[in-house]
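**Student:** please find the sequence and the predicted model below.
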Amino acid sequence: MKTVKEYPELMPAEIDRSLLEAEGILCDVLGQNLLYTSFAPCADFAIKLVVADEDYERAREILEAPVAESD
C-alpha cells in the first residue's frame, strides 16, 4: 500500500476516496480514529488515503486533475 495523499481533516479524505472508488480504484482512509483518541491535542496526526502499489500513479493523476466547473 502507498499513501496517495495526507489530510488534516477527515472530510476531504472521504471525498477523495469516493472519487477514486468511482474510478474503480480500491482505497482506504487510515488514521481517522487517531484524531479522537489522542491525548495530545496539538499532536501532528495525518489522515492518509492509501491505495495498492499498482494503482498509485493512476490515483495521483485522478486526484491532481483539475476540477471542471459546471454552468
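**Tutor:** Received the coordinates, thanks. Residues are numbered from 1 along each chain as shown.

**Student:** which SS class is Lys5?
**Tutor:** Per DSSP: H, G, I helix; E, B strand; the rest coil, the local secondary structure of Lys5 is strand.

**Student:** my bad, Glu57
**Tutor:** Per three-state DSSP, Glu57 ends up helix.

**Student:** neighbours around it, how many?
**Tutor:** 12 (other C-beta atoms under 10 Å). (Each C-beta comes from the backbone N, C-alpha and C, glycine too.)

**Student:** quick one: the helices in this structure?
**Tutor:** Counting by DSSP state H, the chain has helices at residues 10-22, 34-37, 56-64.

**Student:** where among the ones you listed is the average confidence lowest?
**Tutor:** Sorting the helices of the chain by mean pLDDT places helix 34-37 lowest, at a mean of 55.

**Student:** want to throw the helices of the chain into a markdown table with distance to Leu49?
**Tutor:** As requested, the helices of the chain are exported to a markdown table (distance: least, C-beta to C-beta, whole Å):
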| stretch | distance to Leu49 |
| --- | --- |
| helix 10-22 | 5 |
| helix 34-37 | 14 |
| helix 56-64 | 8 |
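
**Student:** closest one to Ile47 among those helices?
**Tutor:** helix 10-22 (4.8 Å; C-beta to C-beta).

**Student:** who does the most centrally placed residue in the chain bridge with?
**Tutor:** In the chain, the residue lying closest to the centroid (C-alpha atoms, centre = their mean) is Leu49, at 3.0 Å. For Leu49, the beta-bridge partners are Lys5, Val29 (DSSP bridges).

**Student:** so which of the helices of the chain comes closest to Asp28?
**Tutor:** helix 10-22 (7.7 Å).

**Student:** the closest one to helix 56-64, inter-axis angle?
**Tutor:** Between helix 10-22 and helix 56-64, the angle comes out at 120 degrees (axes from the mean of the first three to the mean of the last three C-alpha atoms, to 10 degrees).

**Student:** hmm, back to that, looking at the helices of the chain, which is nearest to Val4?
**Tutor:** The nearest among these, by C-beta to C-beta, is helix 56-64 at 4.7 Å.

**Student:** who's in contact with that closest one?
**Tutor:** For helix 56-64, the surrounding residues in contact (C-beta atoms under 8 Å, 6 or more residues apart in numbering) are Lys2, Val4, Lys5, Asp16, Leu19, Leu20, Glu23, Ile25, Cys27, Val51.
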